[in-house]
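One predicted model, sequence on top.
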Amino acid sequence: MEVINDIAAFPKLQHAVVTSGTFDGVHVGHQKILTRLVERARQTGSHSVVITYWPHPRLVLFPEDNELKLLSTIDERIKALEAFGIDYLLIIPFTRKFSRMSSRSFITDVLIKAINTKILIIGYDHRFGKNREGSFENLKARSQQYGFEIEEIPRQDIDDVAVSSTKIRKALESGDIPTATSYLGRYYTLTSTIEQGQQLGRTIGFPTANLALPEPHKLIPANGVYAVWVTVGQEKHPGMMNIGTRPTVDGTRLTLEVHLLDFSQDIYGQPVTVAFVEQLREEKKFEGLEALKAQLAKDKEATKRLLDL
């Protein structure tokens, strides 16, 4: 998949099958659109093209909204989209100026002139252009005029499980990992870099790797202890992760700590990706380090069972 960040740099294609959207999380609803996109491209001998936007439009249009949490960073989105075998990903920088582009200009300047769209595939609720004025009906009315075919993925095909990014966020924020997994079609992941911690875990036999907090708008699941898979380089390792303030040692700030089972390598400064399998328990304050150690031993056994180790 070729990633292009400038409309002016997009190559001249003879025939393009295109879809457009924010694709936050690339959940199962998105996946149906992407699967159809690649299918139509193969049927017609065309190139498949995904248009997406960064930053997320809400971060630009409502900068005061500090509550927005995203399921994927742009790098995570790129990785998820790449798995579908898409030919081109066009990332359009979303600005206030771009938000004022009319739907007609979007059709002529982006879909036609820049990409040479011949087939456009969109979800039933897709809107585009200034004030989200563009709709399926709007596109359908202009499709013959501009020489492209439009295909709408109907609601029943996308919303079999009423999936939405909002429902996934709510599931993660409540620690309901299985629901989030079913909506995403894969484990929810968080990528960060290992940084130096206080190394308190070593004193009780459970050394942990501290993850730097991700960018501010990346959603972090609810505080608690989780069974996880951790990818370091090309290798995947079982682990258990704590998200919280570490109340047993009077912590006050949010930390992300992961204990890798039967692992002793030095990975400071390395990027890791954590895949959440299930929440073991909520975070709680123990009477002391010995009580915490006893609970961590139980958590480790529960993790082994969940990960079939």
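Nice, I can see it.

Quick check, residue 241 in contact with residue 223.
No: counting by Cβ atoms under 8 Å, residue 241 stays clear of residue 223, with 11.0 Å between them. For glycine as for every other residue, the C-beta is placed from the backbone atoms N, C-alpha and C.

Please identify which of these two sits among more neighbours.
Shown here are residue 241 and residue 223; by other Cβ atoms under 10 Å, residue 241 has more neighbours (26 against 16).

what's near enough to touch the more buried one?
Listed by Cβ atoms under 8 Å, 6 or more residues apart in numbering, the contact set of residue 241 reads 225-226, 228, 256-259, 274, 276.

hmm, try it at 10 Å
With contact taken as Cβ atoms under 10 Å, 6 or more residues apart in numbering, residue 241 is in contact with 190, 208-209, 211, 221, 224-228, 230, 256-260, 274, 276-277, 279-280, 303.

Separate out the buried members of the residues you listed.
190, 208-209, 211, 221, 224-228, 230, 256-260, 274, 276-277, 279-280, 303 (16 or more other Cβ atoms under 10 Å).

The contacts of residue 241 in strands, which ones?
Residues of the contacts of residue 241 located in strands (DSSP state E): 190, 209, 211, 224-228, 230, 256-260, 274, 276-277, 279-280.

what about the stretch 51-200 of the chain, any weak spots by pLDDT?
Low-confidence segments of the stretch 51-200 of the chain (pLDDT under 70): 124-136, 154-163, 197-200.

what residues do residue 241 and residue 223 have in common as contacts?
Contacts common to residue 241 and residue 223, judged by Cβ under 10 Å, 6+ apart, are residue 279.

From residue 211, how far off is the nearest residue to residue 225 once chain neighbours are set aside?
Leaving out its chain neighbours, the residue that sits closest to residue 225 by Cβ to Cβ, 6 or more residues apart in numbering is residue 280, at 4.6 Å. Distance from residue 280 to residue 211, counting by Cβ to Cβ, to the nearest Å: 18 Å.

List the contacts of the residue nearest to residue 225.
Shown in contact with residue 280 (Cβ under 10 Å, 6+ apart): 175, 224-227, 240-242, 295, 298-300, 302-303, 306.

any idea how far residue 12 is from it?
Residue 280 is 53 Å from residue 12, by Cβ to Cβ.

what about stretch 122-142, start to end distance?
In stretch 122-142, first residue to last residue: 15 Å (Cα to Cα, to the nearest Å).

all helices in the protein, in order from the N-terminus.
Ranges of helices within the chain are 28-44, 57-61, 74-82, 96-99, 103-105, 136-146, 155-158, 165-173, 177-184, 289-306, based on DSSP state H.

need those in a markdown table with distance to residue 4, can you?
Below are the helices of the chain laid out as a markdown table (distance: least, Cβ to Cβ, whole Å):
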| stretch | distance to residue 4 |
| --- | --- |
| helix 28-44 | 17 |
| helix 57-61 | 19 |
| helix 74-82 | 11 |
| helix 96-99 | 16 |
| helix 103-105 | 20 |
| helix 136-146 | 22 |
| helix 155-158 | 26 |
| helix 165-173 | 24 |
| helix 177-184 | 26 |
| helix 289-306 | 41 |
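
closest to residue 121 out of those?
For the helices of the chain, the distance to residue 121 is smallest for helix 28-44, at 5.2 Å, taking Cβ to Cβ.

could you check the angle helix 177-184 makes with that closest one?
Angle, helix 28-44 to helix 177-184, by axes from the mean of the first three to the mean of the last three Cα atoms, to 10 degrees: 30 degrees.

Can you show me the CA trace of helix 28-44 as CSV?
Only the C-alpha atoms of helix 28-44 are listed here, as CSV (Å, rounded to 0.1, in the frame of the first residue of the first chain):
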residue,chain,number,x,y,z
VAL,A,28,-16.1,-4.5,11.4
GLY,A,29,-18.4,-2.0,9.8
HIS,A,30,-15.5,-0.3,8.1
GLN,A,31,-14.1,-3.7,7.2
LYS,A,32,-17.2,-4.5,5.1
ILE,A,33,-16.7,-1.4,3.1
LEU,A,34,-13.0,-2.1,2.6
THR,A,35,-13.5,-5.7,1.6
ARG,A,36,-16.1,-4.6,-1.0
LEU,A,37,-13.6,-1.9,-2.2
VAL,A,38,-10.9,-4.4,-2.9
GLU,A,39,-13.3,-6.9,-4.4
ARG,A,40,-14.6,-4.3,-6.9
ALA,A,41,-11.1,-3.2,-7.8
ARG,A,42,-10.1,-6.8,-8.6
GLN,A,43,-13.3,-7.4,-10.6
THR,A,44,-12.6,-4.4,-12.8
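
No more questions from me, cheers.
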